[in-house]
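Visitor: only geometry, no sequence info:
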């Protein structure tokens, strides 16, 4: 009876460890990388993404011009943090 207790304890610890690692593997499935997901896009998905990217690029160009105008109007130089805030706000507004 005295020898069975340590054996049962060791077996239960091993069982809990096995179940724990198995549940962690199931809980967090690995997502494919962006490059792999893009590789399986259909032609229409890719064309839609290109259209969105072109629109974003045009918005970014417009917001960059707006930022340049605002920097010219100021007497003091804008910090990089403030420039990023202005650019981000403009991109959100124009969306």
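Guide: Sure thing, it's come through. Quantities reported herein were computed from a predicted structural model and do not represent experimental measurements.
Visitor: can you list the domains in the protein?
Guide: Per the record, the chain has its domains at 1-30, 33-95, by automatic domain parsing.
Visitor: Point to the helix or strand of the chain where mean pLDDT is at its lowest.
Guide: helix 4-27 (a mean of 57; mean pLDDT, DSSP states H and E).
Visitor: Give me the next element, helix or strand, following that one.
Guide: helix 34-39 (DSSP states H and E).
Visitor: I'd like the average pLDDT over that following helix.
Guide: Averaging pLDDT along helix 34-39 gives 79.
Visitor: List of residues touching it?
Guide: Outside helix 34-39, the residues within contact range by Cβ atoms under 8 Å, 6 or more residues apart in numbering are residue 46. Every C-beta, even on glycine, is put in place using the N, C-alpha and C of the backbone.
Visitor: Now do the buried residues in that helix.
Guide: Judged by neighbour count (16 or more other Cβ atoms under 10 Å), helix 34-39 contains no buried residues.
Visitor: mind checking how far it is from the chain centre?
Guide: For helix 34-39, the separation from the chain centroid amounts to 14 Å (computed by Cα atoms, centre = their mean, to the nearest Å).
Visitor: What is the following helix or strand past that helix packed up against?
Guide: Proceeding N to C from helix 34-39, the next assigned helix or strand is helix 43-73, under DSSP H and E. Using 3 or more Cβ pairs under 8 Å, 6 or more residues apart in numbering; DSSP states H and E as the contact test, the elements touching helix 43-73 are helix 80-93.
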